[in-house]
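Asker: build me a structure from this.
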Amino acid sequence: MMAHFATAQTCKSLPSEGIVDPHMKTKHRVGIVVGLVLLGAFFYIKTVTKVPKLVIYSARSEALMTPIFEAYTQKTGVEISYQIADAGVLMNRLKSEGDASPADIFIATEAVSLAQATTQGLLYPIKSDLLFAAIPASLRDAQGHWFGYASFAITAVYHPKRVSESTLSTYTNFVFPQWKGRLLLRSSRHIYNKSLFAMWMNDRGDAETSATLSGWVFNLAAPPFDTDQQVLEALETGKGDVGIVNSSEFGHYKRENPKTKLRLSWLDQPVSGGLGVQVNVSGGGILAKSKHIKEAQAFLEWLITPEAQHLWANLNNEFPVSAEVTGNAIVESWGLWYRNPISVEKYATHMTTVMEILDGAGYE
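Answerer: Residues are numbered from 1 along each chain as shown. Presented below is the predicted three-dimensional model:
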C-alpha cells in the first residue's frame, strides 16, 4: 500500500497550470494507471527477489561451523546450506558433480587437502587485497585459491612430575636413549603427522627425516594411538611421559579436564637451535564451479573480521591468523612461540615420499 500511495502522490504533482483539455485528462488518467501498474510490478519484483544462498562443503565439523554460518546469516541475510564429510569424500563428490555442483565454498581442517583441491582444479583463485594483507603468506595459497583462517601446532605435551621442561627442546631430541620407553605418538597415517614429516623433509632432507622417525619408533612407550585424546589419556595415567600432539586437541582436553597436570611445550624454538614449531591451518576457498563467486568472496572476507576470527579459532582452541585478534584463555596461557616459516601449501608436495619413509621406519 505504501508503494501505491507514494505513486499517487507523485502523479498529483504533475503540472496543473491553465485549462486542461479533457483528452489530456484522459491521457493523464491512463498515465497514472500505467505508472501505478509498472511501479507496483517493480515493488513486487523487488519483494520476491532473494539474496543468493551459499552452499558450503565442509570437512570441519557441524559443531564448529554452524555458529559461524548462523552469525553470517544474521549479519547479512545470506542463507547457508552445507554438507559435512571428510575432505577426500567431498573432493570426490565435487569431481563427480562437475558443472552441476551446487557448492560454492570448500572448507578443510588442514592444508594438504586444500592444496590437493587446488591441484585438482576444484578451487577458484580470487584477488582480495583484504585477505592477502590480513593473512600471512605462509598460511595461504600464493595465488589465492584458499586461505587459512586459524592455525594449530604439532608439539609436545608432558607430565611435569615425570619430565622437566628443560629437557624438551626439538623434535629430533626424542631419538636419544633417555626417552626409551617414554614417548607416546598418534598414528603416523593421520594427515597432521604426515604434514609434520613433510616439513622435516623440506627443512632437513629425506635421510634425516627417516632417521628421526626410526628413533621415535625405537623409543615408543606403547604402539601408536588412533587419536590425540588417547595419547593424552595415556600420559595422564602414566603409560608414557611425553607425547607429540595437536595443540588444538590438547586445548579440548584441558577444557574437558581443567584439573589436568599435563602441560604443553613449544618444540624447535630458535632458543633451542630450531627453525620453529610446525603449524597447520584450517581454512577454505571458493569452488571453481560456484555460481556465486562474488557472494562467496564476501563470506571469505568476512571470516577475517574480529567477530568471525573469534568464532573460527576459539571454538576449536586454535590460533587466529589475524594479528588483531587473540586466542581464547586456554591457548593464550601457553605463552609466546615461534612457528616454522615454511609455507603450509608445500606439505602436499612431499606426501608420496613421506609414505615411503614411514614404511621404511616401521612407524604405523
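Asker: I'd say residue 235 and residue 160 touch.
Answerer: No. Between residue 235 and residue 160 there is no contact under CB atoms under 8 Å: 11.0 Å. Heads up, the C-betas are built off the backbone N, CA and C, glycines and all.
Asker: the two: who's more crowded?
Answerer: residue 235 (25 against 11; other CB atoms under 10 Å).
Asker: could you check the pLDDT of the more buried one?
Answerer: Per-residue pLDDT puts residue 235 at 98.
Asker: identify the residue nearest it in space, chain neighbours excluded?
Answerer: In this structure, residue 235 finds its nearest non-sequential neighbour in residue 243, 5.2 Å apart by CB to CB, 6 or more residues apart in numbering.
Asker: so what's residue 317 up against?
Answerer: 152, 247, 248, 250, 251, 252, 255, 327, 328, 330, 331 (CB atoms under 8 Å, 6 or more residues apart in numbering).
Asker: now, the residues you listed that are in strands?
Answerer: Taking DSSP state E, the ones among the contacts of residue 317 that sit in strands are residue 152.
Asker: Provide the strand pairings for the strand or helix carrying the residue nearest to residue 235, with the direction of each partner.
Answerer: Element membership for residue 243, per DSSP states H and E: strand 242-246. Neighbouring strands of strand 242-246 in its sheet, by DSSP bridges, are strand 147-158 (antiparallel), strand 183-185 (parallel).
Asker: dump those to JSON lines, plus mean pLDDT, mean neighbour count and distance to residue 265.
Answerer: As requested, the strands paired with strand 242-246 are exported to JSON lines (pLDDT from 0 to 100; neighbours: other CB atoms under 10 Å; distance: least, CB to CB, whole Å):
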{"stretch": "strand 147-158", "mean pLDDT": "98", "mean neighbour count": "25", "distance to residue 265": "5"}
{"stretch": "strand 183-185", "mean pLDDT": "98", "mean neighbour count": "25", "distance to residue 265": "14"}
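Asker: can you tell which of these is closest to residue 348?
Answerer: Distance to residue 348, taken as CB to CB, is lowest for strand 147-158 among those, at 13.7 Å.
Asker: where does pLDDT dip in the stretch 151-300 of the chain?
Answerer: Within the stretch 151-300 of the chain, no stretch has pLDDT under 70.
Asker: so which residues of it form helices?
Answerer: Using DSSP state H, counting those that start in this stretch, the helices assigned to the stretch 151-300 of the chain run over residues 191-204, 206-218, 228-236, 247-256, 293-302.
Asker: let me have those in TSV, extended by distance to residue 263.
Answerer: As requested, the helices of the stretch 151-300 of the chain are arranged in TSV below (distance: least, CB to CB, whole Å):
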stretch	distance to residue 263
helix 191-204	20
helix 206-218	21
helix 228-236	10
helix 247-256	9
helix 293-302	36
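Asker: would you map out the domains in the chain?
Answerer: According to automatic domain parsing, the chain comprises the domains 54-151+281-328, 152-278+348-361.
Asker: circling back: dump the strands paired with strand 242-246 to CSV, plus distance to residue 61.
Answerer: Converted to CSV, those look like this (distance: least, CB to CB, whole Å):
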stretch, distance to residue 61
strand 147-158, 14
strand 183-185, 24
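Asker: for residue 357, find the nearest of those.
Answerer: Of these, nearest to residue 357 by CB to CB is strand 183-185, at 15.1 Å.
Asker: check the offset of that closest one from the chain's centre.
Answerer: Distance, stretch centre to chain centre, for strand 183-185: 27 Å (CA atoms, centre = their mean, to the nearest Å).
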